[in-house]
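Engineer: sequence isn't available, so here's the structure alone:
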C-alpha cells in the first residue's frame, strides 16, 4: 500500500464487495424467501414463507446493518482511513 | 361535560407528555443555523436511532398498520418489509457517504454533486412536495386521536397539535426536534407494547408477542376459523395482491424509504461517518421492535375479535363495554341482517353482520384485553407522539428546502447567519400553518398522495444519490435526464391510473408499486446519458473520491 491512490481503490473495492454480499442476503430473505419462493414447511407453527415475510426478514435486516458497521470499522482501520477520535 | 375515567387519564397523559415535549424543545433551543438544520452534528448514534425511529413511525404505522395487516394477512408483509428493508439500503449505500459530504440538506448533495442550480431547485421542490403530502396525514392523525379519545373536535385537535409542534420546531430547530423525538419514541413504543404483551399473554400465556406468534397455535386456529367462515387461510400468500405487485410494492417502499429526505437528513446530525452507520442499525432495531410486534398483534386481535363476536347473540355482544363504545364511534357496526338474533361474519360484505374498521385493531386492543383505563389513555398519548414526531421531522425538511436551498443558496447567498436563522424559523412556522390547514381540510386523495410520495422518492432521489456516490462517471446531463424521466413516468402512471381511469397497463402493476419501474428507468437513463456526454469536471470527481473515505468528516463540515 505504498501508492495512496492504489490503497484507496483497494479500500473501495473491499467496501463494494462487502456491500454486495450483504445486499445479496438482504434480497434472498425478503424477495426470495418471502415473495418469490414462499415455502410451506413450518417454522415454529407458521408456514416458512409467512414467517420470513412477517418476522424473519426484519430480524435479518437489523443484523445486516450492524454487521456492515462492525466490518467497516475493521476495514477502515486496515486501510488507515478511519476517523480520528 | 362529564368525563369518563378513561378521558381523565387521557387528559393527564396528554398534558404530561405535551408538557415534557415543550420543556425539551425549550431547553434545546438553538442559536445558529447548524443547530437549526442538523442539531449541531452532535447527536450520539443510539439517540439518533431513537429519533429516527420516532421520525419514521407515523400515525399510520402506530394506528393503522397492524389493522391493515390483520385484513390483508400474508400480503400485509409489503408494509412490514417495505418500511424496514429500506434502512439496509440507506445504511450500506447512502447514509455514511452523505454524512461525509456533510452539509445540511438532500438538495445540497444533488446540487453540488451535479454542479447545477437547476438540479438543486428540482430536488428542493421534490423534497417539499414529498414532505408536504406526508405531513398532512400526520396533522389529521393528531386531530383524529383528540376527537376519538377526548371528544374534542378534529379542528381543535389539529390546532393544539400545531401549536405544540410550532413551539419546539421554531425554538429548537433540528436539535429541539431530535431530543423531543427521543422522548416521543419512548412514549410510543411503551404504548404499543403494553397492549400487545397483554393480549399475547391472555391468548397464549406467553407475554413476548414475537415468540407466541411463532410458537403458539393461535395463527393455525385463525386459519381454521377463516376456512370455516369461507375466507382464505390467513397465512396464504397473494390473496389481496398479485405476486408481481407484492414484489413491486415492497421494492418501491424500500427504495422510497431510502430516498425520503426527512429520513436521510437524520444521518447528517451524527458526529461521524462511523456514527452514521451504527445509527442506522439502532434506528432499524428500534423500528423493528414495533414492526415485528405489529403482525403478532394483527393475528391475535383478529382471532380474538372473530372469536368473541362470531356466533354470539347480538344482545349479548352489545353488553360488552368495548362493543358499546366502539359502536358509538361507527368503527364497529353490528347488524342482525337475517334476523336470527346471532352475529355472523362472512367474506361477502352484503351478508356479513359484523363490520370492523381496521383502525380498531390497535385502538381497541386494550379494552378488548380488559386492561385498565390508564393503558387506553397511554395508547392515545402514543398515537399523538407518533404523529407529532413525524410531523416535526417533515416540517424541518420543508423549511430547510426553502430557507437553506432556495433562500440562502440562490436568492441571498450573502445573508448573515442571524438572517438565515430567522428565515428558517419563519418558514418552519409557515409550514406548520400550511400543514395544519390541510389537516383540517384534508384533500380527498390522501391515500393516492402517499403512494405518490414513495413513488417519487424512489424514482427521483434514490437513483441519482446512489449513482452520485458509486459511479464517478455520472454527470449533470445524465442525472437531470434520469430524474425527469423517472418523475414524469411515475407521476403520469399514478395520476392516470388513480384519477383518469387509465388501466394498470404495465402487467397490472399498481400505483403503489410503479415507483420500482420508475427507479429502474431513472437508473438506465442516467447511466446511458452520462456515458454519451462529457465526464463531470475534475473537482467533482475528486469530491466523489473524498466522500468515499470516512476520514476528515469532522473538518469537511458545512461552510
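Structural biologist: Done, it's in. A quick note: this is a predicted structure, and the numbers were derived from the prediction, not measured.
Engineer: number of nearby residues for residue B:292?
Structural biologist: 21 (other CB atoms under 10 Å in any protein chain shown). Backbone N, C-alpha and C define where each C-beta goes, glycine included.
Engineer: give me every residue that touches it.
Structural biologist: Taking CB atoms under 8 Å, 6 or more residues apart in numbering or on different chains, we find residue B:292 in contact with A:55, A:58-59, B:209-210.
Engineer: where does the residue nearest in space to the middle of chain A fall, phi/psi-wise?
Structural biologist: Closest to where the C-alpha atoms of chain A average out (CA atoms, centre = their mean) is residue A:22, at 2.3 Å. In terms of degrees, to the nearest 10, the main-chain angles of residue A:22 are phi -70, psi -40.
Engineer: ok, now how distant is the residue lying closest to it once chain neighbours are set aside from residue B:204?
Structural biologist: Leaving aside its sequence neighbours, residue A:22 sits nearest to residue A:64 (CB to CB, 6 or more residues apart in numbering or on different chains; 5.1 Å). As judged by CB to CB, to the nearest Å, residue A:64 and residue B:204 stand 30 Å apart.
Engineer: more neighbours: these two, which one.
Structural biologist: Legend: neighbour count by other CB under 10 Å for residue A:64 and residue B:204, higher for residue A:64 (23 against 19).
Engineer: contacting residues for the more buried one?
Structural biologist: Residue A:64 makes contacts with A:22, A:25-26, B:88, B:92, as judged by CB under 8 Å, 6+ apart.
Engineer: okay, and it sits in which element?
Structural biologist: Secondary structure from DSSP states H and E places residue A:64 in helix A:57-78.
Engineer: contacting residues for residue B:223?
Structural biologist: Per CB under 8 Å, 6+ apart, neighbours of residue B:223: B:233-235.
Engineer: now, which of those lie close to chain A?
Structural biologist: With CB under 8 Å from any CB of the partner chain as the criterion, the contacts of residue B:223 include residue B:235 near chain A.
Engineer: any chance of the contacts of residue B:223 in a markdown table, plus pLDDT?
Structural biologist: Listed next are the contacts of residue B:223 as a markdown table, based on pLDDT from 0 to 100:
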| residue | pLDDT |
| --- | --- |
| B:233 | 86 |
| B:234 | 87 |
| B:235 | 86 |
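Engineer: tell me the one of the contacts of residue B:223 nearest chain A?
Structural biologist: Nearest to chain A out of these is residue B:235 (CB to the nearest CB; 4.2 Å).
Engineer: what separation is there between residue B:385 and residue B:142?
Structural biologist: 10 Å.
Engineer: quick check on residue B:28: phi, psi?
Structural biologist: Torsion angles, degrees, to the nearest 10, at residue B:28: phi -110, psi 30.
Engineer: what of residue B:333?
Structural biologist: phi -120, psi 120.
Engineer: low-confidence ranges, the chain, go.
Structural biologist: Defaulting to chain A. Within chain A, the segments meeting pLDDT under 70 span A:1-2, A:85.
Engineer: the intended chain is chain B.
Structural biologist: B:1-3, B:443-449, B:451, B:554-559.
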